[in-house]
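Enquirer: Okay, here's the prediction I keep looking at, along with the sequence it came from:
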Amino acid sequence: MDAWIPLGYLASAALFILGLKKLGHPRTAPRGNQYGALGMLVAVVTTLVDMQVGTEGGANWGLIVAGLVIGSIIGLVMALRARMTGMPELVALFNGFGGAASALVALSETWKYIEDPALALPTGLARQVIVVAAGLSALVGWATLTGSVLAMFKLMGGIELRGKWFPTPTWGPRWLNPVKLFMLLGVVVLILLSIGDPTNQAYLWTIIGLSCVLGVVLVLPIGGADMPVVVSLLNSLSGIAAAFTGFIFSNPVLIVAGSLVGASGLILTFIMCKAMNRTLRDVLFKEFGGTTREKVTRTKAGSDPEEVAMMLDGARKVIIVPGYGMAVSQCQHQVKELGDLLQERYDTEVKYAIHPVAGRMPGHMNVLLAEASVPYEQLIEMDEINPEFPECDVALIIGANDTCNPAAREDEGPLAGMPIIDADLARTVVIVKRSLSVGYAGVDNDLFYMDKTMMLFGDGKAMMTDLNNAVKDA
């Protein structure tokens with residue numbers, strides 16, 4: 001039986017790699033998710049078999065089965081209850097759970113030597129690897145947990161307690177940056193000291209405490225449009241924590257899976273940074289905004305669906321720009337219906353402009369539009385679609401704000417330097433939005449007040465339904 005254990009881990013690792021490759025395209029992403037889930041199932045079964053063989057039947061199967069059942073029920077309930085608009089918050093929370101799991105495993109491995117002095121750590125290099133891996137797993141894991149929970153509340157906009165709403169602060173004075181570095185250095189020093197005295201509880205609890213605070217202060221200054229970068233980075237850190245935990249037990253599947261998550265998460269983080277025209281260092285150590293929200297003092301008269309339908313009649317090219325408001329109102333099916341109507345009735349060329357960080361997580365708009373069966377070839381990335389806006393008759397913006405805000409072209413402000421969808425270059429702009437309120441970055445949008453801009457004020461689904469009916473009656 002022992003000879004089959006490595007084969008099980010190898011099959012699991014192969015499924016993880018294949019699943020990750022499939023996740024690279026929306027069309028194959030569901031299959032990639034299935035491969036990843038199957039790989040995890042193989043890894044769990046292989047580990048249970050390894051435990052049974054290695055402990056000669058002495059494993060506590062009651063606790064193991066209870067953990068599997070309770071964890072499965074919690075995950076199933078959370079997944080079923082989560083709305084598409086709440087996916088970014090759910091992903092952030094799951095990142096925290098991943099970090100916490102690795103940190104708790106590292107804690108249990110360290111604690112058993114504290115509880116039972118008769119147990120002796122291996123000597124030499126093996127001792128150093130176990131202690132350092134446990135310390136690093138604790139550092140990354142606890143920091144990921146607290147940082148992810150704070151990121152979740154930032155994505156939610158705050159927390160409600162006893163009927164009162166408390167907004168999540170964004171605070172990061174300059175002196176906080178050296179504090180972060182000193183805390184990180186302090187944890188590293190404590191990990192090195194632990195090699196000589198791994199049973200010292202003072203070292204252990206100080207590492208945990210500093211790591212938890214470090215996760216908070218890393219995420220606290222980050223606000224506005226930079227949150228997708230943070231979610232990607234926390235996802236990477238959860239994988240890195242798992243890889244460190246794998247070194248504690250010399251478990252190959254943990255090392256492989258953790259390394260894959262860590263590496264892919266870092267790659268995605270750098271892709272997000274490039275899309276935001278940021279560096280990772282700037283995101284982590286500079287405050288790009290979100291502490292204040294501009295007050296809207298200007299006004300704009302709203303249009304009605306019949307006016308917009310007349311404008312669409314005869315439009316040769318329409319570019320639809322989806323945003324977080326589309327996710328909130330769940331109007332992606334009505335958006336798809338409008339696109340079909342324009343193509344069938346007027347032979348209009350319809351495309352969808354996808355900003356890399358539209359919504360609250362990478363790929364948010366792609367998932368929504370794929371759910372509505374929008375053809376993948378119509379989903380055009382920002383860099384490819386922007387040159388087409390000067391020739392576009394109508395740019396239809398559904399609930400997007402920061403990602404098409406011309407303020408990003410300025411040198412200062414929360415959006416400074418961020419590449420945007422050039423919707424303001426279209427001949428006519430139609431914006432479906434509840435009000436003139438500012439976006440997540442807290443910056444008023446000059447695009448709303450341009451003479452060529454028509455505002456459809458109201459719920460996205462209701463407005464798109466009325467617009468579809470107006471197009472049919474035109």
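Expert: Arrived safely, thanks for sending.
Enquirer: and the residue at the greatest distance from the centre of the chain, which of the three is it?
Expert: Distance to the chain centre peaks in the chain at A118, reaching 44.6 Å (criterion: CA atoms, centre = their mean). Look at A118: counting by DSSP: H, G, I helix; E, B strand; the rest coil, its state is coil.
Enquirer: For I248, see how far away it is.
Expert: 20 Å (CB to CB, to the nearest Å). C-beta: built from backbone N, CA, C; applies to glycine.
Enquirer: and what of T46?
Expert: In terms of CB to CB, T46 sits 18 Å off from I248.
Enquirer: and what of L185?
Expert: Taken as CB to CB, the span from L185 to I248 is 23 Å.
Enquirer: Compare those two and say which is more crowded by neighbours.
Expert: I248 (22 against 10; other CB atoms under 10 Å).
Enquirer: Okay, and the closest residue to the more buried one other than its chain neighbours sits in which element?
Expert: For I248, ignoring the flanking residues on the chain, the nearest one in space by CB to CB, 6 or more residues apart in numbering is A133 at 4.9 Å. In the assignment (DSSP states H and E), A133 maps to helix 125-156.
Enquirer: what's next to the following helix or strand past that helix, contact-wise?
Expert: For helix 125-156, the following helix or strand on the C-terminal side (DSSP H and E) is strand 158-161. The contact list for strand 158-161, computed with CB atoms under 8 Å, 6 or more residues apart in numbering, reads 153, 165-168.
Enquirer: Could you identify the most distant pair in these?
Expert: F153 and W165 (11.6 Å; CB to CB).
Enquirer: Comparing the two, which shows the higher neighbour count?
Expert: Shown here are F153 and W165; by other CB under 10 Å, F153 has more neighbours (19 against 9).
Enquirer: Show the contacting residues for that one.
Expert: 159, 168.
Enquirer: what separates it from T168, distance-wise?
Expert: Distance from F153 to T168, by CB to CB: 5 Å.
Enquirer: now do P305
Expert: 36 Å.
Enquirer: for N33, same thing?
Expert: 30 Å.
Enquirer: Comparing those two, which residue is more hemmed in?
Expert: A direct count of neighbours by other CB under 10 Å for N33 and T168 places T168 higher, at 19 against 13.
Enquirer: Could you pull up phi and psi at that one?
Expert: Dihedral pair for T168: phi -80, psi 130, per degrees, to the nearest 10.
Enquirer: Got the phi and psi for P167?
Expert: Torsion angles, degrees, to the nearest 10, at P167: phi -70, psi 150.
Enquirer: the domain parsing of the protein - what is it?
Expert: For the chain, the domain assignment from automatic domain parsing gives the residue ranges 1-81, 84-285, 305-473.
Enquirer: What is the end-to-end distance of stretch 378-390?
Expert: One end of stretch 378-390 to the other measures 18 Å (CA to CA, to the nearest Å).
Enquirer: what does stretch 209-228 give?
Expert: Taking CA to CA, the first and last residues of stretch 209-228 lie 26 Å apart.
Enquirer: Then stretch 447-454?
Expert: 10 Å.
Enquirer: chain center to that stretch, what's the gap?
Expert: Relative to its chain's centre, stretch 447-454 lies at 32 Å (CA atoms, centre = their mean, to the nearest Å).
Enquirer: ok, and what's touching it?
Expert: 298, 300, 303, 307-308, 311, 404-406, 423-424, 426-431, 433, 436, 455.
Enquirer: So which of the residues you listed are in strands?
Expert: When DSSP state E is applied, these are split such that 428-431, 433, 455 fall in strands.
Enquirer: Most neighbours among these, please name it.
Expert: I431 (28 neighbours).
Enquirer: circling back to that earlier point, TSV for the domains of the chain, including mean pLDDT?
Expert: Conversion of the domains of the chain to TSV gives the following (pLDDT from 0 to 100):
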stretch	mean pLDDT
domain 1-81	84
domain 84-285	86
domain 305-473	90
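Enquirer: Now do G417 against T279, distance only.
Expert: As judged by CB to CB, G417 and T279 stand 11 Å apart.
Enquirer: Spell out which residues are contacts of both of those two.
Expert: Common neighbours of G417 and T279, counting by CB under 8 Å, 6+ apart, are absent.
Enquirer: Not counting sequence-adjacent ones, nearest residue to M418?
Expert: Using CB to CB, 6+ apart, the closest residue to M418 is A408 (4.4 Å).
Enquirer: Tell me the buried residues in stretch 26-40?
Expert: 29, 32, 35-36, 38-40 (16 or more other CB atoms under 10 Å).
Enquirer: what's the offset of it from the middle of its chain?
Expert: 18 Å.
Enquirer: what's the answer for stretch 38-57, then?
Expert: 31 Å.
Enquirer: And stretch 151-169, by the same measure?
Expert: Using CA atoms, centre = their mean, the offset of stretch 151-169 from its chain centre is 18 Å.
Enquirer: swap in stretch 169-184?
Expert: Using CA atoms, centre = their mean, the offset of stretch 169-184 from its chain centre is 23 Å.
Enquirer: that older thread, in contact with the residue nearest to I248: list those residues for me.
Expert: So A133 contacts 106, 244-245, 247-248 (CB under 8 Å, 6+ apart).
Enquirer: From the residues you listed, pick the one nearest L233.
Expert: Nearest to L233 among the contacts of A133, with distances taken as CB to CB, is F244, at 16.5 Å.
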